[in-house]
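In: the following block contains a protein sequence and its predicted model.
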Amino acid sequence: MRIVIILVMTMLVSSVLAQSDSGVKYARQIDTLDLKKYVYKMASDEMEGRKTGSAGLEKAAAFIESQYRSIGLQPVLNNGTSYRQEFELVKSSPEINHIVLNGQALINGVDYIFEGDMDMPQAKEDTLILLSKTQLESPGQLDIKDKVVAFTRLDDPFKNFSLYKKLTELKPDLIIQIVHTQSLEAFLGASQNSGERGTYMTLNPFERKGFGRVYMDMARLVKVTGYTRKDLLEDGAEISIDYHIRRKKERVKTSNLLGVIAGEQASNGVVVISAHYDHEGIKKGVLYPGADDNASGVAGLLEIAQAFQMAYEGGFRFKKSILFVMFSAEEDGLLGSGFLTKNSPFPLSDITVNLNIDMIGRVAPEYDGFEEYIYLAKSDKLSKQLHRISERVNDKFTGLTLDYSYNSPDHPLQVFKRGDHWSFAKEGVPVIFYFDGIHDDYHRPTDKADRINYGLLQLRSNLVFQTAWSIVSAEGALELKKQR
Ligand SMILES: [Zn+2]
C-alpha cells in the first residue's frame, strides 16, 4: 500500500516540476500488471528455469521475440530480418575413468567431488604430495609442476582463495583440497553455481585448459589411506595415486535477442539497454524459476522498450539509437554479452553507454522496511556526465535511494564484474548496472514470481527508462557526447 501512495505522489510532483520532460507521459506505459504478466511467464514451469541450451530457454527466446515484434522494435540482424544473434558454445563436462588412492578406487560424489578442466590422454601414476603448514607459508618455493598435491584448507576463506591461486600458478596436475566437514556437499553448497560440478560452457572455440581440483573430507581420507589425521597433517604419509580424467565436449547453440529503435543518425551514438534472460534451469529435479534473476529485468526491459516505441510512434525522434538486448548464457560466465561485444552490429566506439538490468524486483535484507532503493554500480571513471544524469533523473522522477556500496572494485563480492555490463566496461564503454542486492532467495528455487515487489519493479524500471530518455533526447544527448 505504502508504495502505491508514494508512486502516485511521485508522479504528480514530477509532472508539475517537469512540464517540459516529455518522457513522463511515456513512462506511464511501464505498468505493474504488464510487469507481473511478464515475470510470471518467464518464471513459469514451461520455461524450465531457462538454462542455456535447454528447450525452456528456447521457449523464452521465442516469447521475447514475439514481444519485440508486437512492440514494433526493428530487427537489425540478417539484413534487418532477425532479432536473433545466434552463437555457439562448447559445453564441457568431466568424465572420470578412475581415481585410485593406495589401491582403493574412489567414487566421485561420494568419496570426493571433482571440478576443474583437465583432459588426460592416458592414465597416470604418481605419489601424492601432502603440503605441510610450513610449506603452505611460502608456496612460491614449491616444485609441484605436473604433480598431484593435497593441502588442508586454512580457516580464513580469503587466505584460502589466495593460497589456492598461488598453487595453481605453480601448475600442478591435480589439487586435492582436504575439508574438515561432515558433508562435502554442505561445504560446497553455498558456492554451487551450475547443475554439475566441473561442467561449464565457453564460447566456441573451446579455450579453457587447466588442471583438476578435487575436494575430499579428512575423515574419508583417513579411512581410505589408513593413515592417522596427524600423519596426514604433518606430512608423514606416503600415498600412491592412479588417475585418469577426461572431458566430454558438446556444442550448444543459443541466441542473444536484439531489437532497435533508430535514432536520427547512427553516428550520434547508441544506448544499449540490456538484461539477461537465462537462468539456472532444473537441478536434481528442482526448478530454479529465477523470477528476480532475471525475469524482473526481462519484464522491465520489455516495458521500457514499449514506452520508447510508443513515443517513437507518437512522432518523437531520438538523437541516439536505442539497442535493446536480452543476453543468453550470463549464468555461464557472461558469454552472451562477451559474444555481443566481439560481434556487435554497431561499432563499439559508437556505443555511448550500457544500462544493464539484473535483478530489480526484490528487497535485500539490509533494506527491510525501507524499500525504495537500488544498488548502482557504474563506471564514473569513464563518464562523470553519466553519473550526473543518473543522479539528476532520479532526483526528479523516481526518488530512490541510490546505493553505491557494490561499486568498489575492491568489494569482496566483486559485483561490478559479475554482470553483463562488465563485458562492456572492460572494452571502455561507460555502464550503469541496476541491481537489488543479495537476498535469501538469490540463486535458490525460492526465487519465485509471487515474491516480487511489482510496485518497486515499476519504479526501478522507470529510473532506467528516464535515464535512457535523458541520454537519447536532445539535451542529454548533447551533454553525453560520444565518449571515445
Ligand atoms: Zn542475473
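Out: Happy to help now that I have it. Numbers count the residues shown, from 1 in each chain.

In: give me every residue in the protein lying close to the ion.
Out: Proximity of the chain to the ion, by Cβ under 5 Å from the ion, involves residues 293-294, 358. (Glycine included, C-beta is placed from N, CA and C.)

In: convert the C-alpha atoms of the longest helix belonging to the chain to PDB, please.
Out: Longest helix in the chain, counting residues (DSSP state H): helix 454-472. What follows is helix 454-472, C-alpha atoms only, in PDB (Å, rounded to 0.1, in the frame of the first residue of the first chain):
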ATOM      1  CA  TYR A 454       5.800  -5.200  -8.500                       C
ATOM      2  CA  GLY A 455       5.500  -1.500  -7.400                       C
ATOM      3  CA  LEU A 456       9.200  -1.400  -6.800                       C
ATOM      4  CA  LEU A 457       9.900  -3.200 -10.100                       C
ATOM      5  CA  GLN A 458       8.000  -0.400 -11.800                       C
ATOM      6  CA  LEU A 459       9.700   2.400 -10.000                       C
ATOM      7  CA  ARG A 460      13.200   1.000 -10.800                       C
ATOM      8  CA  SER A 461      12.300   0.300 -14.400                       C
ATOM      9  CA  ASN A 462      11.100   3.900 -14.600                       C
ATOM     10  CA  LEU A 463      14.600   5.000 -13.400                       C
ATOM     11  CA  VAL A 464      16.300   3.100 -16.200                       C
ATOM     12  CA  PHE A 465      13.700   4.500 -18.700                       C
ATOM     13  CA  GLN A 466      14.200   8.100 -17.600                       C
ATOM     14  CA  THR A 467      17.900   7.800 -17.500                       C
ATOM     15  CA  ALA A 468      17.900   6.400 -21.100                       C
ATOM     16  CA  TRP A 469      15.400   9.000 -22.200                       C
ATOM     17  CA  SER A 470      17.500  11.800 -20.900                       C
ATOM     18  CA  ILE A 471      20.600  10.400 -22.800                       C
ATOM     19  CA  VAL A 472      18.800   9.900 -26.100                       C
END
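
In: average pLDDT for it?
Out: Mean per-residue pLDDT for helix 454-472: 96.

In: oh, and call the first residue 453 from now on, that's how I've got it
Out: Got it, the first residue is 453 from now on, which makes the last one we talked about helix 906-924.

In: sorry, back to before: if you rank the residues of the chain next to the ion by neighbours, which is first?
Out: Most neighbours among the residues of the chain next to the ion, by other Cβ atoms under 10 Å: N746, with 33 neighbours.

In: so it sits in a helix?
Out: Yes - looking at N746 with DSSP: H, G, I helix; E, B strand; the rest coil, it is inside a helix.

In: that one contacts A727, doesn't it?
Out: Yes - counting by Cβ atoms under 8 Å, A727 is a contact partner of N746 at 5.6 Å.

In: anything in contact with each of the two?
Out: Jointly contacting N746 and A727 under the rule Cβ atoms under 8 Å, 6 or more residues apart in numbering are 809-810.

In: can you report phi and psi for F603?
Out: Torsion angles at F603 (phi, psi; degrees, to the nearest 10) stand at phi -140, psi 150.

In: dump the residue contacts of it.
Out: The contact partners of F603, taken as Cβ under 8 Å, 6+ apart, are 582-583, 588, 615, 619, 627-630.

In: return the closest of these with respect to the ion.
Out: Closest approach between those and the ion, by Cβ to the ion: Q629, at 27.7 Å.

In: surely that closest one touches R665?
Out: Yes - the pair Q629 / R665 is scored as a contact, 6.8 Å apart, by Cβ under 8 Å.

In: for the closest residue to the ion within the stretch 753-902 of the chain, what are its contacts?
Out: Using Cβ to the ion, D810 is the residue of the stretch 753-902 of the chain that sits closest to the ion, at 4.2 Å. The contact partners of D810, taken as Cβ under 8 Å, 6+ apart, are 727-728, 745-746, 749, 782, 871-872, 885-887.

In: over to Y490?
Out: 519, 747, 750-751, 754-755.

In: ramachandran angles for it?
Out: Per degrees, to the nearest 10, the backbone of Y490 is at phi -70, psi -40.

In: please apply the same query to A727.
Out: The phi/psi pair for A727 (degrees, to the nearest 10) is phi -160, psi 140.

In: next one: T651
Out: Phi and psi for T651, reported as degrees, to the nearest 10, are phi -100, psi 130.

In: got the confidence number for it?
Out: 81.

In: if we ignore the residues flanking it in sequence, what's nearest it?
Out: S545 (3.9 Å; Cβ to Cβ, 6 or more residues apart in numbering).

In: which secondary structure element contains the one you found?
Out: Assigned by DSSP states H and E, S545 belongs to strand 536-553.

In: mind giving me the packing neighbours of that strand?
Out: helix 529-532, strand 564-568, strand 652-655, helix 670-677, strand 692-713, helix 787-794 (3 or more Cβ pairs under 8 Å, 6 or more residues apart in numbering; DSSP states H and E).

In: contacts made by the third one with the rest, please.
Out: Taking contacts as Cβ under 8 Å, 6+ apart, the residues outside strand 652-655 that touch it are 504-505, 539-544, 569, 646, 660, 704, 781, 784-785, 787, 790-791.

In: and stretch 728-745, what's buried?
Out: Buried residues in stretch 728-745, defined by neighbour count with 16 or more other Cβ atoms under 10 Å: 728-734, 739-745.

In: tell me the one of the residues you listed nearest I559?
Out: Of all these, I734 has the smallest distance to I559: 24.2 Å, by Cβ to Cβ.

In: now do the contacts for the nearest residue to the closest one once chain neighbours are set aside.
Out: Take I734 and drop its neighbours on the chain: the residue closest to it by Cβ to Cβ, 6+ apart is G501, 5.3 Å away. The contact partners of G501, taken as Cβ under 8 Å, 6+ apart, are 508, 731-734, 739-742.

In: widest-spaced pair of the contacts of F603?
Out: L582 and L615 (14.9 Å).

In: more neighbours: which of the two?
Out: L582 (24 against 19).
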